[in-house]
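*Asks:* here is a sequence together with a model predicted from it:
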Amino acid sequence: MYYYIIIALQAYCIYHSLKNKNDYYWIFIILFIPLIGAIIYLVTKVFNKRDLETVQDNLTAIINPTKKILDLQKQLEFSDTFQNKVNLADAYFDIKDYKHAIQYYTDALDDSIFSGDLYVISKLMEASYYLGNYKSVLNYYKVLQKKKALIKPINQLHYGLALGHLGKSDLAKLEFEKVNIEYSNYDERLELAEYFIQQSNKEKATEILDSIYNESKYFTKEQRKITRKVMALRKRV
């Protein structure tokens with residue numbers, strides 16, 4: 001297995017070198033110094049400094065997510081600003097610690113200057129939904145409407161789902177129709193399919209999943225992971 005990984009890495013580096021018309025000696029380095037040559041090529045020719053910093057930050061966040069939070073907590077202690085509170089709330093949100101996320105999003109809104117910040121209100125609505133605070137979801141949605149904000153698909157979905165969980169199925173259905181639009185809103189439609197599976201509405205879940213699968217022939221490379229999610233959900237129907 002290890003051998004095939006090295007071969008694949010060498011093949012990619014050679015392809016990249018030829019495509020970008022780099023000096024031919026790189027091909028000899030890649031071929032005759034297995035693995036090390038490929039790594040040297042990647043560092044010097046593929047990744048720039050910003051790329052490497054991004055990769056490093058992402059790996060750190062995956063391996064030790066609490067480090068990012070600790071760093072942001074220190075930053076907030078040093079400078080108690082609206083943006084630092086939001087950054088910390090976002091970090092908690094990313095690791096699905098919605099309780100702490102709500103705490104810092106709410107603290108951020110306590111600043112009178114930013115009390116109507118639409119991004120924070122939107123994130124509060126999302127976090128409230130994932131915690132099962134469905135009445136709060138409805139209240140935050142009304143705030144967004146009152147401010148005439150452009151409603152994001154995720155907020156539209158969670159509003160509808162909250163209505164459904166509160167037994168207002170007819171109103172929920174109207175909101176689902178606004179989200180379940182062909183060739184768009186894939187993440188939201190997958191979450192909607194998940195909801196229908198939980199509600200034992202296999203027919204509706206299958207309808208959504210089949211529709212997305214049929215659209216997958218037009219997916220970009222970045223969107224192909226959606227197909228895997230569709231297949232995973234299909235196994236549960």
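*Replies:* Alright, I've got the coordinates.
*Asks:* per-residue pLDDT, Gln10?
*Replies:* Per-residue confidence (pLDDT) for Gln10: 79.
*Asks:* CA-only coordinates of whichever helix in the chain runs longest in PDB, if you can.
*Replies:* The longest helix of the chain (DSSP state H) is helix 2-19. Provided in PDB are the C-alpha atoms of helix 2-19 (Å, rounded to 0.1, in the frame of the first residue of the first chain):
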ATOM      1  CA  TYR A   2       2.900   2.400   1.000                       C
ATOM      2  CA  TYR A   3       4.600   1.700  -2.400                       C
ATOM      3  CA  TYR A   4       1.400   2.600  -4.400                       C
ATOM      4  CA  ILE A   5       1.100   5.900  -2.400                       C
ATOM      5  CA  ILE A   6       4.600   6.900  -3.400                       C
ATOM      6  CA  ILE A   7       4.000   6.000  -7.000                       C
ATOM      7  CA  ALA A   8       0.800   8.100  -7.000                       C
ATOM      8  CA  LEU A   9       2.600  11.000  -5.400                       C
ATOM      9  CA  GLN A  10       5.400  10.800  -8.000                       C
ATOM     10  CA  ALA A  11       3.000  10.600 -10.800                       C
ATOM     11  CA  TYR A  12       1.200  13.700  -9.600                       C
ATOM     12  CA  CYS A  13       4.400  15.700  -9.200                       C
ATOM     13  CA  ILE A  14       5.600  14.700 -12.700                       C
ATOM     14  CA  TYR A  15       2.200  15.700 -14.200                       C
ATOM     15  CA  HIS A  16       2.300  19.000 -12.300                       C
ATOM     16  CA  SER A  17       5.900  19.700 -13.500                       C
ATOM     17  CA  LEU A  18       5.100  19.000 -17.200                       C
ATOM     18  CA  LYS A  19       1.900  21.000 -17.100                       C
END
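*Asks:* quick one: contacts of that helix?
*Replies:* With contact meaning C-beta atoms under 8 Å, 6 or more residues apart in numbering, helix 2-19 is reached by 22, 26-27, 30-31, 34-35, 37-38, 41-42, 45-46. In short, each C-beta sits where N, CA and C put it, glycine included.
*Asks:* lowest average confidence, helix or strand, in the protein?
*Replies:* helix 49-63 (a mean of 51; mean pLDDT, DSSP states H and E).
*Asks:* okay, now Asp80: neighbour count?
*Replies:* Counted with other C-beta atoms under 10 Å, the neighbours of Asp80 add up to 11.
*Asks:* same check, this time on the one 10 residues further on
*Replies:* Using other C-beta under 10 Å, Asp90 has 17 neighbouring residues.
*Asks:* with the one 4 residues further on instead?
*Replies:* When counting by other C-beta under 10 Å, one arrives at 13 neighbours for Asp94.
*Asks:* quick one: it from Leu163, how far?
*Replies:* Going from Asp94 to Leu163 by C-beta to C-beta, to the nearest Å gives 27 Å.
*Asks:* before we move on, back to that, would you mark the buried spots in the helix or strand following the longest helix of the chain?
*Replies:* Scanning forward in sequence from helix 2-19 by DSSP states H and E, the next helix or strand is helix 25-32. Residues of helix 25-32 classed as buried: 26-27, 29-30 (neighbour count, 16 or more other C-beta atoms under 10 Å).
*Asks:* and the helices in the chain?
*Replies:* 2-19, 25-32, 36-41, 49-63, 65-78, 82-94, 98-109, 118-130, 134-146, 153-165, 169-179, 186-198, 202-215, 225-234.
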